[in-house]
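**Q** Let's see this in three dimensions:
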Amino acid sequence: MEDIKNIIESLLFVTEEPLTVDRLKKILTLADTKEIRKALNDISTEYEERKGGFYLCQVAGGYQVRTRPEYASWVKRLIQPKPLRLSKAALETLAIIAYKQPIIRSDIEHIRGVDCGGVLKVLLERNFIRVLGRKEIPGRPLIYGTTRRFLEVFDLKTLKDLPTPKEIEALGNSPLEEAAGMPQGNSDNSESEKSKNA
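**A** This next block holds a predicted model:
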């Protein structure tokens with residue numbers, strides 16, 4: 001397909017969420033998977049060689065153009081994003097779901113030792129978790145898992161990129177704070193440095 005690289009670059013530029021190869025294939029009906037992957041690789045290589053203000057990031061199972069972290073302070077001055085804050089309880093609950101999914105509410109509450117209904121509601125509203133279905137036990141409780149937005153915000157390609165408990169322990173900080181990328185002693189978390197060049 002002629003101009004496939006430029007077409008993909010245009011699509012990456014205007015999208016607000018990572019584009020998967022499958023989604024690109026549906027849009028570019030005449031292109032095959034191999035062509036799309038080659039074009040994505042070429043775009044990424046060009047951006048890296050250029051060392052400009054943005055790069056092609058592989059995140060949440062797809063690809064997204066992002067500004068380079070070293071220029072985050074300048075981008076913040078322009079767009080002044082409202083930081084996304086999560087309470088310590090929300091971060092603890094999110095970490096439990098991320099590592100133990102699929103999981104039901106009673107199991108989360110057993111691990112945390114407190115009711116987590118309100119926290120689950122907040123995480124659902126912010127699209128960090130989703131309902132996967134119902135467990136076939138008495139009461140048929142909801143089953144929870146993380147979303148693609150969770151991967152995107154925490155800059156993970158897949159759930160396999162979550163740090164292992166041993167890696168967290170080796171850092172010497174609180175496991176929940178490290179898993180959330182927070183400095184020690186801070187109970188709030190800002191959304192990861194994800195700024196789009198629009």
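
**Q** okay, and for the chain, where does confidence drop off?
**A** Residues of the chain that meet the criterion pLDDT under 70 lie in 1-2, 81, 83, 172-198.

**Q** Run through the strands of it in chain order.
**A** 54-59, 62-67, 103-104, 129-134, 142-146 (DSSP state E).

**Q** mind listing what the third one pairs with, with the direction of each?
**A** For strand 103-104, sheet partners with direction are given as strand 142-146 (antiparallel), following DSSP bridges.

**Q** picking up where we left off before, of all the strands of the chain, which lies closest to residue 88?
**A** Closest approach to residue 88 among those (CB to CB): strand 129-134, 16.7 Å. C-betas here are computed from N, CA, C, even on glycine.

**Q** Can you give the distance of that closest one from its chain's centre?
**A** 17 Å (CA atoms, centre = their mean, to the nearest Å).

**Q** Each with direction, which strands does it pair with?
**A** strand 142-146 (antiparallel).

**Q** Only C-alpha atoms, please: export the partner strand in PDB.
**A** Extracted in PDB, the C-alpha atoms of strand 142-146 (Å, rounded to 0.1, in the frame of the first residue of the first chain):
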ATOM      1  CA  LEU A 142     -19.200  -9.200  40.200                       C
ATOM      2  CA  ILE A 143     -15.700 -10.100  39.000                       C
ATOM      3  CA  TYR A 144     -13.200  -7.200  38.500                       C
ATOM      4  CA  GLY A 145     -10.200  -6.700  36.300                       C
ATOM      5  CA  THR A 146      -8.100  -3.700  35.100                       C
END
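
**Q** closest one to residue 33 among the strands of the chain?
**A** strand 62-67 (13.4 Å).

**Q** Report the angle between the closest one and strand 54-59.
**A** Interaxial angle of strand 62-67 relative to strand 54-59 (axes from the mean of the first three to the mean of the last three CA atoms, to 10 degrees): 150 degrees.

**Q** returning to that earlier point: can you redo the strands of the chain as CSV with mean neighbour count?
**A** Supplementary listing: these in CSV, determined by neighbours: other CB atoms under 10 Å:
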stretch, mean neighbour count
strand 54-59, 19
strand 62-67, 21
strand 103-104, 20
strand 129-134, 15
strand 142-146, 19
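
**Q** For residue 21, which of those strands is the nearest?
**A** strand 62-67 (7.7 Å).

**Q** any idea how far the residue sitting furthest away from the middle of the chain is from residue 88?
**A** Most distant from the centre of the chain: residue 138, at 33.3 Å, with distances by CA atoms, centre = their mean. Distance, residue 138 to residue 88, using CB to CB, to the nearest Å: 32 Å.

**Q** again, but for residue 122
**A** In this structure, residue 122 and residue 88 are 13 Å apart, going by CB to CB.

**Q** And for residue 141?
**A** 25 Å.

**Q** before we move on, what about residue 23?
**A** 36 Å.
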